[in-house]
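*Asks:* Mind looking at a prediction? Sequence and model below.
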4 protein chains.
Amino acid sequence: MGRETIRVGVIGTGAIGGVHADNLMRRTPGATVVAVMDIDRARANAVAAACDGTRVFSDAGELIADPEVDAVLIASTDATHADITIACIEADKPVLCEKPLATSVADAERVVNAELAAGRRLVQVGFMREYDHAHRDLYDLLKSGAVGAALKFRSLHVNPLFVRELTIESVITNSLIHDIHSARWIMGEEISSAYVQWIPVNPARPGSARLADLQLQFASGALGSLEYNGDSGYGYEVIVEVTGELGQLTTADHPSPALRKAGTVSQAITPNWPERFAQAYIDEVQGWIDHVARAEATGPSAWDGYMSLVVADAAIRSAATGMPQPTKAGERPSMYQ
Amino acid sequence: MGRETIRVGVIGTGAIGGVHADNLMRRTPGATVVAVMDIDRARANAVAAACDGTRVFSDAGELIADPEVDAVLIASTDATHADITIACIEADKPVLCEKPLATSVADAERVVNAELAAGRRLVQVGFMREYDHAHRDLYDLLKSGAVGAALKFRSLHVNPLFVRELTIESVITNSLIHDIHSARWIMGEEISSAYVQWIPVNPARPGSARLADLQLQFASGALGSLEYNGDSGYGYEVIVEVTGELGQLTTADHPSPALRKAGTVSQAITPNWPERFAQAYIDEVQGWIDHVARAEATGPSAWDGYMSLVVADAAIRSAATGMPQPTKAGERPSMYQ
Amino acid sequence: MGRETIRVGVIGTGAIGGVHADNLMRRTPGATVVAVMDIDRARANAVAAACDGTRVFSDAGELIADPEVDAVLIASTDATHADITIACIEADKPVLCEKPLATSVADAERVVNAELAAGRRLVQVGFMREYDHAHRDLYDLLKSGAVGAALKFRSLHVNPLFVRELTIESVITNSLIHDIHSARWIMGEEISSAYVQWIPVNPARPGSARLADLQLQFASGALGSLEYNGDSGYGYEVIVEVTGELGQLTTADHPSPALRKAGTVSQAITPNWPERFAQAYIDEVQGWIDHVARAEATGPSAWDGYMSLVVADAAIRSAATGMPQPTKAGERPSMYQ
Amino acid sequence: MGRETIRVGVIGTGAIGGVHADNLMRRTPGATVVAVMDIDRARANAVAAACDGTRVFSDAGELIADPEVDAVLIASTDATHADITIACIEADKPVLCEKPLATSVADAERVVNAELAAGRRLVQVGFMREYDHAHRDLYDLLKSGAVGAALKFRSLHVNPLFVRELTIESVITNSLIHDIHSARWIMGEEISSAYVQWIPVNPARPGSARLADLQLQFASGALGSLEYNGDSGYGYEVIVEVTGELGQLTTADHPSPALRKAGTVSQAITPNWPERFAQAYIDEVQGWIDHVARAEATGPSAWDGYMSLVVADAAIRSAATGMPQPTKAGERPSMYQ
């Protein structure tokens, strides 16, 4: 087809890794999966079989080093993200790392420093909402000046039910991290302070979190209200609103037919995130592959991964103290301007 | 309060007559009910008691003739409407007659002629949708030129379920008559032809009607599609749309809170017409009383009552022949311009 | 009409006082306005003339003492509310006092104590949102158990533009006070802490407020996010949402027709609060009059007026300190249970 | 990738042909374009260049005969559709033919007969709405029994403005043909009669059509109301509604963010059909390619192409006579059951 096919190695073939591998194989012109690796060998074999017999590795380093692997997608457990990403950078291979980029600010800083040392951007972080049409349409309207300068960011992140009980810390690092990135991306500026309040799943376990409010202030003085609901009982939704000097924008979710029946008019709500963001995941890997083919990096960066953890850190300190906390970030290197 | 209270006599105290009497007594500053009459004496007594002991008549003519009755509201059975309305005209008393004005074009013509003979407008017909906010707001926007000249009128008239099985003729004369009036009122012109198709309640009774489509053409060439559903199973709705040269208008129904629950986002639909048009019935009698107090007549006229029956007649002929039928109307007298 | 007409004296005939007087005269069966008083005599005379020549007083105390005055509506300047309300209580006359009940917690406490001394409820506070259909419908659904126990209250209170620049303190005491009451009323419990952040109208005047976020916690641990926008540029809106254990409720605003034109489908937004709450103001005085006629008091109470100021006080302390602040309330007397 | 790439020849490279070629080259894993042909050689060359230098033919027959062409997509002028499709059938090559399948019932019948003679289904007709999510979601809900048996089909087909003035005949054959197919597909039954009314673009040219109403009856007695607006002034929309015995379904269009600004809340309407159906066109060729690879034919068939013309023929006879007209169809061959 007049362009080289990018040969991808996938590290981590659990839920989201399997989705990425399938999208790369079947829905991404210009890409193929040539290698998979998982600590669960049987799971890796199953994904490899679905990928028409691609090779299976038992070691991430070997997969990264293999000359047939052009680029790496990381979907292994969170604690491994930083080290594997650094190994890819050192091997000079483009990498798409699932969020979070690391499990601590310090580890994220190590990734940023490794990329700075490499001298060019190789890392994209899996904040796939940038590829979601509802988010993208709001972003484009805002940037077009439709509502003037942004004053307020609001988001609702609603999950249908708990898979397992989560602590307020893990809600911040694993779920609200998406909303923190959306806030930075859409508002186009950094966050200066964070204040968290939450409702525990059970009063006997006050560190557990069923519903959490994250109140932010941005560098310009603009405000942000981010809400997480871990157990809505009704489905999955992400809604973003921005109030500007001249008006207000609200994302429109993907709709389903209006059903009039038995005294109500209703529309189905997407059951969970895989259905809600199915197309965004496809567009994310397509965007990544297109950029890899052109030796460009334009998606969410290692800096975005680092800054989202900086804000999460302030939120976790707020949870511990019951007080608003300032964020503590290093200066943005010129490579990420 | 600086103005005379209008003393109303109510003829017919069944379902809608009782609503009107209650609205006149309790929700209409400037009006009171001084007389009621019903062929069912017990029912009349019950309504009179609720009206703080107003007088009960057993004869419509006596009620109309009573010097303490300033104005008459007719909510008796359809077949009596024309004659009672004519009696009111002859007694020179303003009258609000429930729709239909008559049960035949000829009888409606007798009312018009009586009013012409009286030399001034005394009759208002109970097409209360003119007093409904949703209809009124659409009408005002259309008249403001928001969508340019009107090209197409659409209405959906949805009932929750049958009280009893209806023939296509009675659906036209009792239910679609409301929509026919809305079409004439909102489009601001007369209807020149009608074509009816319907789905019977039971194929064994082809004259019964569960769902009916009434396709109209207006004098200017504009088109109309009116749909009646007698047994929707989901509630009561009236939706009106107008397409103009520059855009389209759709009525917004009275809303209820959005409820997200168990996989859907839903809003309640009004169960039936008394709830849907509760405020319109209040505003209708208030408007009538205000006009009576000023010796004006501005609501739906006897001519509107006549013309709606002219269109219904064409529709009934279409139902009998399976073909589109022209309407057959007399010329509009100057009193009704 | 079988019941006594309640004769009302109106103190303060400015914008909202004039609306109340007009509603009492023309749209409230069972009420009439027999006396008005305003420090601006010309304004009082104009309202009196519109009320068919009712009497004009130059002193609030004389109006309250007049034996022809059955009940008093207070719409004078905020600083006079507490003393005039206490005078009414001492004269044993039912009173509807515009919000806020007072301009300090201490003054509100004096009103509560005066009413406790009187031994029966005479005071209703003008939190008219309790009479708004959109609020009422959400409240009824929540109380019906539709979404289980309430976990989160959200409100957006959007004004079209500033009449004049406001300080954060006056935004809290005059505007957010409505939302504070809605939060307490709808959630059915007291507020334990408040945290305020805001965006100034002009960075040079940091005490001015264009947009304000009020983050609350309720006694049960439930959370509240209240947002005020003083200069939206697009119209007036009040939206309330409640998330419960089983689902979520959102108020539906009063709708206008959908207009498709020139590339968009749009609906008009209510321009300002008089249009948005026109019916609520009518229903509020009707409800008050009905209760006065039955010697009952069921609307927002002096306790509600007091508690809303207690929360406002915590919010103002938060504004001064930049930290969340606990509310400081006395115990609820049994008369207000 | 473990499967053969289907090599497609594209005949006709105008507006929609160019879109199909681009989709096949860039967005359809499993397909490539190896040949193009157009009577406008320059246009063919331009599309070939965009397809990375694919071969250009000057004769449709040669392209069809070429052994490197596995399947053919026809997007040439309407009058050529039937003959080129028959040539493909005779060459035993799968074909996706743009709608309409032919320009007369007789020609469509020739295609059906050719395919019957071939003994297997090779033809798919370009009714791409079957691949549109909004249509598909409504279809799936209806087939799931959500509203019981279907009683009424409604569609609005709204174009932004005329490219050129159209006759009522060409509106029926080129535009309403899409809606006729949707009606047959979604209702799952054949149409027995058609009645057309329309508003001319200019009264001096009564055969021109700006807005047209097509009233249908189905074999079961169910009804259909199809409306076409050629010059809405506001954008492009296709809305489908079905009323069933238990409820009603309405398609939800692809949404854009809600914008509150300057007194309104608005959403953008899709400007025209290429934007509205961009994804449907991609999914259509992907679906076709997937079926070709499996030697199956499951999309809209030659029979669907024929039947849509049978209904169009009745509608054109109705336009000529001003009367409802029955459809005249042959019996459905078992190959199309």
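*Replies:* Structure received.

*Asks:* what residues does the one helix or strand residue A:18 maps to touch?
*Replies:* Here residue A:18 sits within helix A:15-26, counting by DSSP states H and E. Helix A:15-26 is contacted from outside by A:8, A:10-11, A:13, A:31-33, A:36, A:38, A:47, A:50-52, A:73, A:75-76, A:96, A:98, A:274, A:281-282, A:285, A:289, D:1, D:29, using Cβ atoms under 8 Å, 6 or more residues apart in numbering or on different chains. Placement of C-beta: from N, CA and C, glycine included.

*Asks:* quick one: average confidence on the following helix or strand past that helix?
*Replies:* Sequence order places strand A:31-37 as the next helix or strand after helix A:15-26, per DSSP H and E. Here strand A:31-37 scores 96 as its mean pLDDT.

*Asks:* Return the list of strands paired to strand A:31-37, each annotated with direction.
*Replies:* Taking DSSP bridges as the criterion, strand A:31-37 forms sheet pairs with strand A:6-11 (parallel), strand A:55-57 (parallel).

*Asks:* Let me see the mean pLDDT of the longest one.
*Replies:* Pointing back at strand A:6-11 there. 97.

*Asks:* just the angle between it and helix A:15-26, please?
*Replies:* Relative orientation of strand A:6-11 and helix A:15-26, computed by axes from the mean of the first three to the mean of the last three Cα atoms, to 10 degrees: 160 degrees.

*Asks:* Skipping adjacent residues, who's closest to residue A:259 in space?
*Replies:* Distance criterion Cβ to Cβ, 6 or more residues apart in numbering or on different chains; nearest residue to residue A:259, sequence neighbours excluded, is residue A:266 at 5.3 Å.

*Asks:* what packs against the longest helix seen in chain A?
*Replies:* When chain A is parsed with DSSP state H, its longest helix is helix A:302-321. Judged by 3 or more Cβ pairs under 8 Å, 6 or more residues apart in numbering or on different chains; DSSP states H and E, the packing partners of helix A:302-321 are helix A:105-118, strand A:123-125, helix A:168-170, helix A:177-187, strand A:191-199, strand A:325-326.

*Asks:* if we can go back for a sec, quickly compare the strands paired with strand A:31-37 and say which is most buried.
*Replies:* Among those, strand A:6-11 has the highest mean neighbour count (mean count of other Cβ atoms under 10 Å in any protein chain shown), at a mean of 26.

*Asks:* closest to chain C out of the helices and strands packed on helix A:302-321?
*Replies:* strand A:191-199 (5.5 Å; Cβ to the nearest Cβ).

*Asks:* what's the residue nearest to the spatial centre of chain A sitting at in phi/psi?
*Replies:* The centre of chain A sits closest to residue A:127, judged by Cα atoms, centre = their mean, with a distance of 2.6 Å. Dihedral angles of residue A:127 (phi, psi; degrees, to the nearest 10) stand at phi -80, psi 80.

*Asks:* interface residues of the stretch 151-300 of chain A facing chain D?
*Replies:* Within the stretch 151-300 of chain A, the positions lying close to chain D (Cβ under 8 Å from any Cβ of the partner chain) are A:246-262, A:267.

*Asks:* Show me which of the residues you listed are buried.
*Replies:* Among those, the ones that count as buried by 16 or more other Cβ atoms under 10 Å in any protein chain shown are A:246-261, A:267.

*Asks:* is any part of the helix or strand hosting residue A:138 close to chain D?
*Replies:* With secondary structure defined by DSSP H and E, residue A:138 is part of helix A:133-143. Yes: if you take Cβ under 8 Å from any Cβ as the test, helix A:133-143 does meet chain D, through A:134, A:137, A:138, A:141.

*Asks:* list the helices and strands the next helix-or-strand element following that helix packs on?
*Replies:* Sequence order places strand A:150-158 as the next helix or strand after helix A:133-143, per DSSP H and E. Strand A:150-158 sits against helix A:177-187, strand A:223-229, strand A:237-244, strand C:211-218, strand C:223-229, with contacts defined as 3+ Cβ pairs under 8 Å, 6+ apart.

*Asks:* Could you save these as CSV and add columns showing distance to residue C:67, mean neighbour count and mean pLDDT?
*Replies:* Output for the helices and strands packed on strand A:150-158, formatted as CSV (distance: least, Cβ to Cβ, whole Å; neighbours: other Cβ atoms under 10 Å in any protein chain shown; pLDDT from 0 to 100):
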stretch, distance to residue C:67, mean neighbour count, mean pLDDT
helix A:177-187, 63, 23, 98
strand A:223-229, 54, 23, 98
strand A:237-244, 53, 22, 96
strand C:211-218, 45, 24, 98
strand C:223-229, 43, 24, 98
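
*Asks:* do you know which of these lies nearest chain B?
*Replies:* Evaluated over the helices and strands packed on strand A:150-158, closeness to chain B peaks at strand A:237-244, with 7.8 Å, by Cβ to the nearest Cβ.
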